Structures are given as C-alpha cells and as structure tokens.
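> Give me the fold of what follows.
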Amino acid sequence: MTVVGIDDTDSRELGMCTTYVAAAIAERLRQDGSSAIPRLLLVRLNPAVEYKTRGNAALAIHTDCDSDRAFALARERLESLAETTDERTNPGLVVAAHDPDDDPVPDDVTAFARAAIRDHLAIDDAESLIDRHGYRSWHTGDGRGRIGALAAIGAWDALAEWTYEYISYREPDRWGTPREVDHESVVDAADWGYPDVWDTVDRGENETVCVPHTPGPILHGIRGDDADAVRAVADRIESEPVAATQLFVTNQGTDVHLQDGSLSTVDDGHAYRLEGRVASEPETRRGGHVFVELEPPAAGDSAADGASERLMCAAFEPTKRFRDRVRALRIGDRLTACGEVSDGTLKLEKFAVHELVRTERVTPICPDCGRTMKSAGRNQGYRCRECGTSAAEKPTQELERELEDGWYEVPPCARRHIAKPLVRGGFDAPTHPER
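Sure, this is the predicted structure:
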C-alpha cells in the first residue's frame, strides 16, 4: 500500500483546488492498472497559518499502487494542474510506502501531522522527516507544500474523528464563470439531510454555503457525518452539469484545531478553548465588529490560574447574528470561549455560557414618592431629597437575560471548515445550533 500526500496547488486569485488535483490523481491511478483507492483524506491544517489559501487543506490518497509508480503518476498530474503562475503557490508531493490500516506511519510523522493542525512548522521540519524515513518527494518554488503533504501522510494515524465531504466538480470550460445552482433545490436538500448533513445553507442569511464563490473547479461541497447522506443531498441539488464527483474523509467539523489554554499563556497564530469571565461591557465598534474582554475565572474556581491578564475577544461583522449573542453578555458571566488568537485578540468561533449573572444592584427608589434616591455621601447610603427617606445600600433586582446556559456558535456562513457545528453534539452543556 502507498500513501500519496499533496498540498499547496491553488491560488487565492487564479483558482484551482487541491481537492480537484487529488481527485485527478486518484482517477489517473484507477486508470493505471485498476489500482484500488480505499479513501481520499481532506485534512484541514492550522487555519491561522499565514501562507494558507482559504481552507488550508492538504490531501492524502490511500492506494494499493506501487509507491514508485504512484509517485510518477502523481507528479505528472501535479505538474500539469497546480497553479504555479502564482508565486505564492509552492506545491509539494510526498509519497510513502505504508499501509494506512496495517502499517502505521512512524510516531514522529504522526506527531508532525498533529502539530500541522495546531501549530506552525517550517519547511526544514518537513525535509528532515522526509529524508529520515526515505520518502519520495517533489516540489516547486520553496516547496512549502511538503509541510502539508507530509502532514497528510500522518493524518490517518494522528486523528481519531472523521467526517465526510462529497464534492461535485464543474466542467473545465465553465471554470471562472458564475455557477448555475438552483437555490431552492439546495435549501430543500439541506432540510432533507439535516442534521446528519450540516452547513449546506445558512437559513438566517439565505445563503447557499455549500456553493463557493472562488474561480476554481468546485460546483458544491456537501459536508456531514454520513457518507451515504452527503451523496444523497448532492444528488438532490439541481444545477449545471457535474463533470466529476469525489467523496473525501475529512477532519472538517471536529474542532481538532483547538487546544486547551489559559488567558495568560495564549500565543498569536494558535486556536484555543479558554475559560474565563466577562470583564467588560460588550462594545460595538466601527464596521459592526463587537468586542468584549475576558478575564481569568474568579479565585477559588477550579479553572482559575491566578493570572490578572485580560484577553480581548471579538465577533467580527462577517459572523452576522452571532454578534447579538456577544452583545447580550454581561460583566461576570462565566464562559468557555473558542477561537484563534491574532494580534492579541481571540476571534470567536463559539462560546459556552456556564453561569449567567442573574441579578444586578440598582439605585433605590423612594417607596413614598417613587423618585430615584441620591447618594447621601461616601458610605452613607442613599436618601430621597423630597421625602427624606433613606436606604442603607443598593438593593438587588432580577435581570432578564436574552441568553441561556449553553453553547452558541457563529452561523454557517461564517464557520471555518475545521470548526465543529453544535448540531454534531458531544458538547459539555446544552447547545443552541445555528442553521
């Protein structure tokens, strides 16, 4: 058995798609001696890496083709399809003679795959491992694509949770033209497949999330927990002719990019799951972005780390109605916040409310005349200037809250490929899924 890993074949401006290149390589392998291909992996790597295109995907093809032959065929397809006219595209190919099911890759390759999803790696890191294990490799440009290609080699052993994406591709002469996909058929198919199939549409924004806007070859991609269900949803969509299809096994929708951390130790370019309390009133700034500060949990809380540092959290305008959830927070609410840290700010992907502030202290009202009392001086309570009635301190009153305990998430139109939709379940509190 052989594993073929590829990465960095596409361009932000010029298009192409690494999934398409992988599908083309797989088809070429099938044509060459009827090679069996049990699966193709679509592995989303660290979404905070600066060199990525939109989804930061690396691909692996598992095949029974001889590794030398697989290398030759994959290189030919990669050289002909990769968008190398963009100087930022640096394709990489790595081929390893491993049986993914019976012959695990070395531990250091598995560790490399995990690190590629949560951390930042250098080209030298990939080169040294490729040389150490005698893998065949090829690249153009600086060869940065070998990082993702090697990570794709180790991903099957590195990860335990997988989902599916069924991608339909356009006829080549239509690439770069507006896609012809019937919106209502997508909505109907999404309703039929939900909840096993998710993030097909965004009902709140009336947007077909599964249909990309880039000039590449993808017509639509259907994601979900069940292979048969994603195929069935794709088949229900009415559209322009479909040139080819491919089912991918993927780590999309798993939150595997998140690591547990504390507010005092976060680093830019990494994604975290953090415990804290709201430390400031939410503020809407220019552009419609909403910001709120998080501080470490209160002393005595089991998650407290003693740090006094605060972390700014943001719900940016593209997260749409999720911003209303953030605006509904109050100082003192206890949360779990998830997202990527960039320039010292946590870009929120989801948060869980574990404890809501339910009461507030208010200035007392005179029971005789109904007027608001005034301060009688430092530590002297409050007094009604009309009646002379006094109160020793501010009373408490119940707060009406728009939020409930549990998890809230960005809508499908703003969700990262790797982020886990709440509808998939497995969370530690009630969920309020977005559709």
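> sec struct for D324, please.
helix (DSSP: H, G, I helix; E, B strand; the rest coil).
> and the strand or helix carrying V4, what other elements does it pack with?
Element membership for V4, per DSSP states H and E: strand 2-7. Strand 2-7 makes packing contacts with helix 18-31, strand 57-63, helix 67-81, strand 92-96, helix 145-158 when contacts are defined by 3 or more Cβ pairs under 8 Å, 6 or more residues apart in numbering; DSSP states H and E. Every residue, glycine included, has its C-beta placed from N, CA and C.
> ok, the residue nearest to L81 when sequence neighbours are not counted to L40 distance?
Nearest non-adjacent residue to L81, counting by Cβ to Cβ, 6 or more residues apart in numbering: V21, 4.9 Å away. To L40, V21 is 11 Å away according to Cβ to Cβ, to the nearest Å.
> Which residues are in contact with each of these two?
Common contact partners of V21 and L40 (Cβ atoms under 8 Å, 6 or more residues apart in numbering): L59.
> What's the end-to-end length of stretch 281-296?
16 Å (Cα to Cα, to the nearest Å).
> Return the distance of it from the chain's centre.
21 Å (Cα atoms, centre = their mean, to the nearest Å).
> Helices along the stretch 301-435 of the chain, start to end?
For the stretch 301-435 of the chain, applying DSSP state H, counting those that start in this stretch gives helices covering 322-327.
> Could I get the contacting residues of the residue nearest to L81?
With Cβ under 8 Å, 6+ apart, V21 has these contacts: 6, 9, 59, 77-78, 81-82.
> so which of these is the most crowded?
Highest neighbour count within the contacts of V21, by other Cβ atoms under 10 Å: I6, with 32 neighbours.
> Could you list everything that one pairs with in the sheet?
Taking DSSP bridges as the rule, I6 bridges to L59, L93.
> Wait, it touches G92, no?
Yes - at 7.0 Å, I6 and G92 qualify as touching, with contact defined as Cβ atoms under 8 Å.
> Give me the pLDDT value at N251.
In this prediction, N251 carries a pLDDT score of 98.
> show me the contacts for it.
N251 neighbours (Cβ under 8 Å, 6+ apart): 42-44, 117, 155, 159, 161-163, 418.
> now, which of the residues you listed sits nearest E240?
Among the contacts of N251, L42 lies closest to E240 (Cβ to Cβ), at 23.1 Å.
> secondary structure element for that closest one?
For L42, the host element (DSSP H and E) is strand 39-44.
> what packs against that strand?
helix 18-31, strand 57-63, helix 107-118, helix 145-158, strand 242-250.
> could you dump those to a markdown table with distance to F351?
Below are the helices and strands packed on strand 39-44 laid out as a markdown table (distance: least, Cβ to Cβ, whole Å):
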| stretch | distance to F351 |
| --- | --- |
| helix 18-31 | 31 |
| strand 57-63 | 26 |
| helix 107-118 | 20 |
| helix 145-158 | 27 |
| strand 242-250 | 25 |
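> Which one of the ones you listed lies nearest to G344?
Nearest of these (Cβ to Cβ): helix 107-118, 18.8 Å.
> Measure how far the helix or strand that the closest one is followed by is from the centre of its chain, please.
Next in sequence after helix 107-118, counting helices and strands by DSSP H and E, comes helix 123-133. With Cα atoms, centre = their mean as the basis, helix 123-133 stands 28 Å off its chain's centre.
> if we look at helix 123-133, which residues are touching it?
Contact partners of helix 123-133, identified using Cβ under 8 Å, 6+ apart, comprise 92, 94, 96, 106, 108-109, 112, 135, 137, 142-144, 146-147, 149-150.
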